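A.B. asks: what's the 3D shape of this:
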Amino acid sequence: MNERNLTERQQRIYNLGTELANIADNMDVEPDSLITAWAQGNITMSISFDGVWWADRTESIIFDLGTKREEINFVDGWRYGNIPEKDFSYNYRDNCPEKGVSCMEAGGEKTENRLSALFISQNAPKVKVNGLLLPDKGSDGEPLLIMTQIRI
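C.D. replies: This next block holds a predicted model:
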């Protein structure tokens, strides 16, 4: 059983996204179209938010999860190689970062591209990890995690 949770700040950011999605539903618009209106004070929300809007990429992703009403699900998994320093893998084929840390398996989901897995596995140790499972897949169809930690 996994006992990890969002921090209080992260939970508030997630809740903001969810509330914005509810307001958007009532107005029959997309949540993204309301962000500027809310920031300018044209929409009143029950949750106040003080301080820096997004401190990092992780908080932006958590907000997006809230606007899509995605479940917050910390899972165990494994990958080849250590966790990248900035908590996201790099897609060398497309020359851009992934949305999170690529895993071979996480939360019951497996990498779709096994040929890529063979390439990645060479000279890299198998590392057990835990993190927040994203609904998005990596460029090779792999499960992605954020807030990733090594699992002992």
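A.B. asks: Run through the neighbouring helices and strands of the top helix by length along the chain.
C.D. replies: For the chain, the helix with the greatest residue count under DSSP state H is helix 8-27. The elements that helix 8-27 packs onto, with contact taken as 3 or more CB pairs under 8 Å, 6 or more residues apart in numbering; DSSP states H and E, are helix 57-67. In short, each C-beta sits where N, CA and C put it, glycine included.
A.B. asks: ok, residues contacting the helix it packs on?
C.D. replies: 6, 9-10, 13-21, 24, 31-32, 54, 72, 86-88, 99-100, 134-135, 146-147 (CB atoms under 8 Å, 6 or more residues apart in numbering).
A.B. asks: How about stretch 19-32?
C.D. replies: 17, 33-35, 38, 43, 45-47, 66-69.
A.B. asks: Can you list the buried residues in that stretch?
C.D. replies: 19-21, 23-24, 31 (16 or more other CB atoms under 10 Å).
A.B. asks: Next: stretch 81-97.
C.D. replies: Using 16+ other CB under 10 Å as the test for burial, stretch 81-97 gives 83-84, 87-89.
A.B. asks: Could you tell me the end-to-end distance of that stretch?
C.D. replies: With CA to CA, to the nearest Å as the measure, stretch 81-97 spans 16 Å from end to end.
A.B. asks: tell me the mean pLDDT for it?
C.D. replies: Mean pLDDT, stretch 81-97: 91.
A.B. asks: Please parse the chain into its domains.
C.D. replies: 8-67, 74-150 (automatic domain parsing).
A.B. asks: looking at those, which has the lowest confidence?
C.D. replies: Taking the mean pLDDT of the domains of the chain, domain 8-67 comes last: a mean of 84.
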